[in-house]
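> predicted model and sequence follow; I will ask about them next.
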Amino acid sequence: MELLKGLARRVIVTIATAMMTLPGMAVGSALAADSPSNDQWVKICRKDDKAKKELCQTAMELRTNDGQFLATFMVVEMTGEARRMARVILPTGMLLQPGLKVQVDQNKPDNALYTFCAADGCISEMLITDVQFAALKKGKQLTIGAEGQAANPVSFNFSLDTFKTANEGKPLDEADLQKRAEAIQAEINNKRKSLDEQLKDAQHKAQQSE
């Protein structure tokens, strides 16, 4: 358990150090991430030599178009252990008391509580039953529901299209992770540049119309 908690603290800022998560942000009443680089699940494994076991995470991270971190959902599994754990990482600015609702498609949502918070975000951990794990593999969309500071509903939607393939496939090695991180950063930079150009163009048109 200490191994999982330690890994959770590190993953607030980054998934396995190579995926360059940007700082957390307070959120509004509704959020949707639209970034092609982040619509794939990634499986990352590492060996714990002391326990002689392998710890694997199947994770997806959501960002806004300009690269702002929104949310992370991951399934954590360890060889030799029957139990699985789900870990949700959300930005700061949420009401903690109501907790979260975790729902696959139109299935009955499951309630979850926040485990702890840090400057970069808040983590919720929960055990996953075999039924819930099977639902993730068969489902189309995972929805995490929370409440903002004004008690406004906030939802984070994760596509499950590639979850089963990633979870049952081989983990990414360090080189693949680095390439993915670089590709995501390049796309974020391009989107930011495009947004800046659109803003400048709008300001120029506004000045001309005065």
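Noted; the coordinates are in hand.
> what are the bridge partners for the residue nearest in space to the middle of the chain, then?
Nearest to the geometric centre of the chain sits T72, at 1.4 Å (C-alpha atoms, centre = their mean). T72 has the following beta-bridge partners by DSSP bridges: E61, I89.
> state the distance from L199 to G67.
Distance, L199 to G67, using C-beta to C-beta, to the nearest Å: 16 Å. In this view, the C-beta of every residue, glycine as well, is placed from N, C-alpha and C.
> ok so, going back, surely the residue nearest to the centre of the chain meets A86?
No - T72 is beyond contact range of A86, at 11.0 Å (criterion: C-beta atoms under 8 Å).
> now L100. Nearest residue, chain neighbours left out?
Leaving out its chain neighbours, the residue that sits closest to L100 by C-beta to C-beta, 6 or more residues apart in numbering is A112, at 4.5 Å.
> quick one, what contacts that neighbour?
Taking C-beta atoms under 8 Å, 6 or more residues apart in numbering, we find A112 in contact with 86, 88, 99-102, 124, 126.
> could you dump these to a markdown table with distance to K52 and secondary structure?
Conversion of the contacts of A112 to a markdown table gives the following (distance: C-beta to C-beta, whole Å; DSSP: H, G, I helix; E, B strand; the rest coil):
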| residue | distance to K52 | secondary structure |
| --- | --- | --- |
| A86 | 25 | strand |
| V88 | 29 | strand |
| G99 | 35 | coil |
| L100 | 34 | strand |
| K101 | 37 | strand |
| V102 | 32 | strand |
| S124 | 29 | strand |
| M126 | 26 | strand |
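> what's the closest of those to D49?
Checking those against D49 with C-beta to C-beta, the nearest one is A86 at 25.7 Å.
> what score does the closest one have for pLDDT?
pLDDT, A86: 95.
> so what's it up against?
The contact partners of A86, by C-beta under 8 Å, 6+ apart, come to 73-76, 102, 112, 125-128, 132.
> how does it look with 6 Å?
For A86, the contacting residues are 75, 126, 128, by C-beta atoms under 6 Å, 6 or more residues apart in numbering.
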